[in-house]
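Q: One predicted model, sequence on top.
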Amino acid sequence: MGGHSPSAAYWYDPGSGRFVTSTYYMPALPSWVAKFNGNSPVKEYCGGKWTALAETTGANGQTLEEFRGMPEESCPDPKFLGWLQRTPYMNDIELAFAREAVRNEHLGQGADTDLLAISLNVNDYIGHAFGPYSPQVADATLRTDRYLASFFAELDKLVGLNNVWIALSADHGVAPNPEFIKGHKWGPGNAQPALIPSAVEEAMAAAFGPEAWVERTKMPYIYLDHEALKKHHIQPFQAEGVAATAAASVPGVMAALMRTQLLNGSLPSSPFARAASNSFNPLRGGDVFVVLDPYAVPVSGSRETTHGSPWNYDSQVPLLLWGSAFKPGVYFSRCQPIDLAATLAAALGLTQPSGSQGSPLEPAIRQ
């Protein structure tokens, strides 16, 4: 998140339970990071368990997750670290590290503007494992709120919140898990993406003859075997059309868009087609882009879930701005996460970043 040339970049290594960097950023860890790691920030959670807060709706104070190690195992060992990284305690550990970064890197205490970017990833892991309406996600959200409150209070002591701007957002939403979807009769719940490659193979064989036509599928893409297409003198756009028609016939598939359509802009005029176009990368994208029906989730279980669709439950995220640069209020004009960089640049009086495609959120900026 720091771009190509930040003054420092650190991340948590789940294998060691320590914060690390790479030689791209600096030749060695600063002494304060080594000291933080030396105090083993994960140790205080050894022997503990994840018990819901009394305020967590639907949890009734129950134990949500508990690590059960063997008596002879030391802590923190790799098994414990694997368990810990799927609990909200990781946010507490990461924000404790961020506090030390502010203190030791003297952020916000000089004449220049400093940018501190923090990614709290564990909320994503918990959402995948249990779904957005689970007690686990509810408890993790409450705890994250409290951890952030503690972090901001520490910022107030170190820097003074009158000298701080805060932006909070997210990279994506998440689908309800199939169990929840079926219980509320919203849709099919589980999609069946495994049916797609077999349908494509069958249609391709009927059109062009027997061959292994599908190289692989990785939602939302179908990748065709281009060596096989060359061998049979088949133009890619012809194969894409057959594959897309076959994929669209599979139950749970809303649409299948051809790579050629995505490259030349000849897409149907619809919100999900625009979303697919924005998501398409010509260097890594496949030959067919598959859009699943709403509430058709490409997971095998009933409790787990995922994201990556154009529907509102996946694409709506919060965007909160706080500080002296912003006018208090709730604004109902359309905005996107890519507007954040443009808004911060405008508020700072900077030229827009060269790669920015967003627009400054003018109603929220103090003139």
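A: Thanks, I have the structure now. Just so it is clear, the structure is predicted and the values come from calculations on it, not from any experiment.
Q: center of the chain - which residue?
A: residue 171 (4.8 Å; C-alpha atoms, centre = their mean).
Q: Please verify my assumption that it contacts residue 317.
A: Yes: using C-beta atoms under 8 Å, residue 171 is in contact with residue 317, at 7.3 Å. In short, each C-beta sits where N, CA and C put it, glycine included.
Q: Now for the two: what residues contact both?
A: Taking C-beta atoms under 8 Å, 6 or more residues apart in numbering as the criterion, residue 171 and residue 317 both touch residue 337.
Q: give me the number of residues near residue 333?
A: Using other C-beta atoms under 10 Å, residue 333 has 8 neighbouring residues.
Q: hang on, I meant residue 196
A: Neighbours of residue 196 under the rule other C-beta under 10 Å: 27.
Q: give me phi/psi at it?
A: The phi/psi pair for residue 196 (degrees, to the nearest 10) reads phi -70, psi -50.
Q: so who does it touch?
A: By C-beta under 8 Å, 6+ apart, the contact list for residue 196 reads 217, 222, 247, 250, 253, 290.
Q: Show me the domain layout of the protein.
A: The chain breaks down by automatic domain parsing into domains covering 11-181+314-364, 192-292.
Q: Can you say which of the ones you listed is packed in most?
A: Highest mean neighbour count among the domains of the chain (mean count of other C-beta atoms under 10 Å): domain 192-292, with a mean of 17.
Q: Can you give me the end-to-end span of that one?
A: Counting by C-alpha to C-alpha, to the nearest Å, you get 10 Å between the two ends of domain 192-292.
Q: name the element residue 320 belongs to?
A: Under the criterion of DSSP states H and E, residue 320 resides in strand 319-322.
Q: now for that strand, which elements pack on it?
A: In terms of contacts (3 or more C-beta pairs under 8 Å, 6 or more residues apart in numbering; DSSP states H and E), strand 319-322 is packed against strand 166-169, helix 339-348.
Q: Can you tell me the strand partners of it and which way each runs?
A: According to DSSP bridges, strand 319-322 has the following sheet partners: strand 166-169 (antiparallel).
Q: can you dump the C-alpha coordinates of whichever helix or strand comes after the partner strand into PDB?
A: Heading C-terminal from strand 166-169, the first helix or strand you meet, by DSSP H and E, is helix 178-183. Output of helix 178-183 as PDB, limited to C-alpha atoms (Å, rounded to 0.1, in the frame of the first residue of the first chain):
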ATOM      1  CA  PRO A 178     -25.000 -20.800   1.500                       C
ATOM      2  CA  GLU A 179     -26.600 -21.900   4.700                       C
ATOM      3  CA  PHE A 180     -27.800 -18.400   5.400                       C
ATOM      4  CA  ILE A 181     -28.900 -17.800   1.800                       C
ATOM      5  CA  LYS A 182     -31.000 -21.000   1.700                       C
ATOM      6  CA  GLY A 183     -32.500 -20.300   5.200                       C
END
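Q: which helices and strands sit right next to helix 178-183?
A: If contacts are counted by 3+ C-beta pairs under 8 Å, 6+ apart, helix 178-183 sits against strand 189-190.
Q: What pairs with the strand it packs on, parallel or antiparallel?
A: Here strand 189-190 has these sheet partners by DSSP bridges: strand 296-297 (parallel).
Q: Can you redo the domains of the chain as a markdown table, where the extra columns are distance to residue 300?
A: Converted to a markdown table, the domains of the chain look like this (distance: least, C-beta to C-beta, whole Å):
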| stretch | distance to residue 300 |
| --- | --- |
| domain 11-181+314-364 | 9 |
| domain 192-292 | 9 |
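Q: In a markdown table: these, plus mean pLDDT and distance to residue 308.
A: Output for those, formatted as a markdown table (pLDDT from 0 to 100; distance: least, C-beta to C-beta, whole Å):
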| stretch | mean pLDDT | distance to residue 308 |
| --- | --- | --- |
| domain 11-181+314-364 | 93 | 7 |
| domain 192-292 | 93 | 7 |
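Q: Looking at these, which is nearest to residue 307?
A: Residue 307 lies closest to domain 11-181+314-364 among those, at 4.8 Å (C-beta to C-beta).
Q: Span of the closest one from start to end?
A: This stretch, domain 11-181+314-364, spans 32 Å end to end (C-alpha to C-alpha).
Q: How far does it sit from its chain's centre?
A: Distance of domain 11-181+314-364 from its chain centroid, counting by C-alpha atoms, centre = their mean, to the nearest Å, is 12 Å.
Q: for stretch 286-295, same thing?
A: Relative to the mean C-alpha coordinate of its chain, stretch 286-295 is positioned 19 Å out (C-alpha atoms, centre = their mean).
Q: so which of the domains of the chain comes closest to residue 4?
A: With C-beta to C-beta, the closest approach to residue 4 among the domains of the chain belongs to domain 11-181+314-364: 9.4 Å.
Q: Now render the helices and strands packed on strand 319-322 as TSV, adding distance to residue 73.
A: What follows is the helices and strands packed on strand 319-322, written out as TSV (distance: least, C-beta to C-beta, whole Å):
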stretch	distance to residue 73
strand 166-169	38
helix 339-348	44
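Q: do you know which of the ones you listed lies nearest residue 284?
A: Counting by C-beta to C-beta, residue 284 lies closest to helix 339-348 out of the helices and strands packed on strand 319-322; the figure is 22.8 Å.
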